[in-house]
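In: Quick one, fold the following:
(chains A and B)
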Amino acid sequence: MNENSKKKLKLKVSAIKDGTVIDHIPAKNLFKVISILKLDKIENQITFGTNLDSKKLGAKAIIKVSDKFFEDDEINKIAMIAPHAKLNIIKDYDVVEKKIVVIPDKIVGIAKCFNPKCITNNEIVTTCFKVISEAPIALKCKYCEKITADDEIVVL
Amino acid sequence: MKKDLISITDFTKEEYLRIMELAADFETNPNQELLKGKVVASLFFEPSTRTRLSFETAISRLGGRIVGFADPGSSSATKGETLHDTIKMVSNYADLIVMRHPLEGAARYAAEVSSVPVINAGDGANQHPTQTLLDLYSILKTQGTLDNLNLFMVGDLKYGRTVHSLLQAMSEFENPIFNFISPQVLQMPRAYKHHLEEKGIRYFEHEEFTDIISEADIIYMTRVQKERFSDPMEYEKVRNIYILKNSMLENTKPNVRILHPLPRVNEISTDVDNNEKAYYFEQALNGMYTREAIIAHVMNLK
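Out: Have a look, this model is predicted:
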């Protein structure tokens, strides 16, 4: 994507003065990202656009959160469903820092194990997975030891 | 830190060998009062007579006392008590918990909740590590070594947890060769073959159960269960193929031994039972010594 079209895209979702822009989210996972980052539970101004054209992702989504700056371990939680997400930290309309998400080694309490016979789906147990593959992502359940694949990941 | 046995991969090769050493010691002298004055909780949230009797005999021979239940109907689980609460309570009473549960991962979770060691006696289709250790002990006893062995696994290799765990454990030893004999729909899962490839271990897959077993040191038989097939015709096609008959053992190596986790249905003809190469009943007895060894190991009794 060249600079020009980037600018056009920005116009589709209005600019923010201070805050964080999360770009390159797969469109189908936009609402999962919102839920993981608990954006539905905060008072900040949030704008988002979805089903925007993206060469890499097909259809992408973008979220702009005013006056919010995420900790790394908080933002890395979205890596399993938006591994190519890029963050722009905005201060006074300028990008002051760029970040990429990093898939953590362990994913705790976010994803659901796909195995219906797993103890975590039958009793209140915090799920915990080891990331055994990053692309495509595969999660090994600490409890039942079964592997939840990319297309089976459900966010709790 | 307390020691649990939940998954076969929780133990190192050195620990496998330590268990083998202890099992041999208990075989020579099964009655040792190492658990005197201790209470062991035997929690069977799913009935398993064979495993439970083996454990409870092992505990008795170590001089321990047993509390618990043999089936979930007589436990508080029927009143809706969570596993968490049952384990919290029991770990206040007992010095060790042995548990079988129908849900996968239940034992790992129990070990996290419990303040005393937990031994997994089977959690659904996931793990049954004491079975694997008794298999290792049986192999060591009959072959004199765990290195350079040619293992044939026959039957349901897709869902059979015993063959998966045995594969993982044996892959820790020197230069094993695996031969997998199964119908196409019940082949060894990709992940386990990948594990062998990563370790540079040779394996071969076959659909036919023929005289290729003449190279075997160990033939590990498993049951091909009807409920594993979505198409009953598929089951009918294979049900009589993966049956070991005495005549098939004629050209096998003199040291070969037939193992089976039991219960057997028809996958080993009864005419094999009197062959000196049949080892499955001795294998079950080895289970008791191995379980004494595992208890002694996790509780640091020896």
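In: check contacts around residue 94.
Out: Unless you meant another one, I'm taking chain A. Contacts for A:Asp94 were tallied using CB atoms under 8 Å, 6 or more residues apart in numbering or on different chains; there are none. Every C-beta, even on glycine, is put in place using the N, C-alpha and C of the backbone.
In: look at chain B instead
Out: The neighbours of B:Ala94, taking CB under 8 Å, 6+ apart as the test, are B:39-41, B:67, B:116.
In: Sort out for me which of those are in strands.
Out: B:39-41, B:67 (DSSP state E).
In: Quickly check the contacts of B:Ala94 for the two that are furthest apart.
Out: B:Val67 and B:Val116 (12.6 Å; CB to CB).
In: list the buried ones in the helix or strand of chain B at the bottom of the mean pLDDT ranking?
Out: Across the helices and strands of chain B, mean confidence by mean pLDDT, DSSP states H and E is lowest for helix B:232-238: a mean of 85. For helix B:232-238, a neighbour-count test (16 or more other CB atoms under 10 Å in any protein chain shown) marks B:235, B:238 as buried.
In: quick one, phi/psi of A:Ile62?
Out: The phi and psi values for A:Ile62, taken as degrees, to the nearest 10, are phi -140, psi 140.
In: ok, what's across the strand from it?
Out: With DSSP bridges as the criterion, A:Ile62 is bridged to A:Gly49.
In: ok, it - contacts?
Out: Residues near A:Ile62 by CB under 8 Å, 6+ apart: A:9, A:13, A:21-25, A:48-50, A:52.
In: From A:Asp18, how far out is it?
Out: From A:Ile62 across to A:Asp18, the span is 17 Å (CB to CB, to the nearest Å).
In: again with B:His128
Out: For B:His128, the distance to A:Asp18 - CB to CB - is 57 Å.
In: so which residue of chain A comes closest to chain B?
Out: Relative to chain B, the nearest point of chain A is A:Tyr143 (2.6 Å; CB to the nearest CB).
In: my read: that residue touches A:Glu123, true?
Out: No - with contacts defined as CB atoms under 8 Å, A:Tyr143 does not count as touching A:Glu123, sitting 10.2 Å away.
In: which residue of the chain sits farthest from its center?
Out: Since no chain was named, I'll use chain A. Distance from the centre of chain A peaks at A:Lys117, with 27.6 Å (CA atoms, centre = their mean).
In: wrong one, I was asking about chain B
Out: Farthest-out residue of chain B from its mean C-alpha position, per CA atoms, centre = their mean: B:Lys79, at 31.1 Å.
In: Now do the same for it: its pLDDT.
Out: What the model reports as pLDDT for B:Lys79 is 77.
In: Show me the contacts of A:Ile62 that map onto strands.
Out: Secondary structure assignment by DSSP E places A:21-25, A:48-50, A:52 of those in strands.
In: give me every residue that touches the residue nearest the centre of chain A.
Out: The centre of chain A sits closest to A:Ile78, judged by CA atoms, centre = their mean, with a distance of 3.0 Å. For A:Ile78, the contacting residues are A:22, A:25, A:33, A:36-37, A:85, A:101, by CB under 8 Å, 6+ apart.
In: and if you look at B:Gln283?
Out: When contacts are counted by CB under 8 Å, 6+ apart, B:Gln283 is found next to B:134-135, B:138, B:259-260, B:262.
In: how about a cut-off of 7 Å?
Out: Residues near B:Gln283 by CB atoms under 7 Å, 6 or more residues apart in numbering or on different chains: B:134, B:138, B:259.
In: what's next to the helix or strand hosting the second one, contact-wise?
Out: Element membership for B:Ser138 (DSSP states H and E) is helix B:129-143. With contacts defined as CB under 7 Å, 6+ apart, helix B:129-143 is touched by B:5, B:7-8, B:16, B:19-20, B:23, B:119-121, B:146, B:149, B:162, B:165-166, B:169, B:217-218, B:255, B:257, B:259, B:261, B:279, B:283, B:286-287, B:290-291, B:294.
In: do the same with stretch B:8-16
Out: B:5, B:127, B:129, B:132-133, B:136, B:165, B:168-169, B:172.
In: can you list those residues in TSV and add neighbour count and pLDDT?
Out: Converted to TSV, the contacts of stretch B:8-16 look like this (neighbours: other CB atoms under 10 Å in any protein chain shown; pLDDT from 0 to 100):
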residue	neighbour count	pLDDT
B:Leu5	25	98
B:Gln127	29	94
B:Pro129	25	97
B:Thr132	27	98
B:Leu133	28	98
B:Leu136	25	98
B:Ser165	23	95
B:Gln168	18	96
B:Ala169	21	97
B:Glu172	18	97
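In: Out of those residues, the closest to A:Lys112 would be?
Out: Nearest to A:Lys112 out of the contacts of stretch B:8-16 is B:Gln127 (CB to CB; 21.2 Å).
In: How about the closest one, nearest residue that isn't a chain neighbour?
Out: Distances taken as CB to CB, 6 or more residues apart in numbering or on different chains place B:Ser7 nearest to B:Gln127, at 4.8 Å, with adjacent residues excluded.
In: again with B:Leu62
Out: B:Leu35 (4.0 Å).
In: That neighbour: neighbour count?
Out: 24 (other CB atoms under 10 Å in any protein chain shown).
In: Over to the one 10 residues further on?
Out: Other residues near B:Phe45 number 21, with proximity taken as other CB under 10 Å.
In: okay, it: pLDDT?
Out: We have a pLDDT of 94 for B:Phe45.
In: looking at it, it is touching B:Ala107, isn't it?
Out: No - with contact defined as CB atoms under 7 Å, B:Phe45 does not count as touching B:Ala107 (10.3 Å).
In: which bits of chain A sit near chain B?
Out: Within chain A, the residues that sit near chain B (CB under 7 Å from any CB of the partner chain) are A:115, A:117-120, A:122-123, A:125, A:141-145.
In: before we move on, the earlier item: who are the contact partners of the residue farthest from the centre of chain B?
Out: If you count contacts by CB under 7 Å, 6+ apart, B:Lys79 has none.
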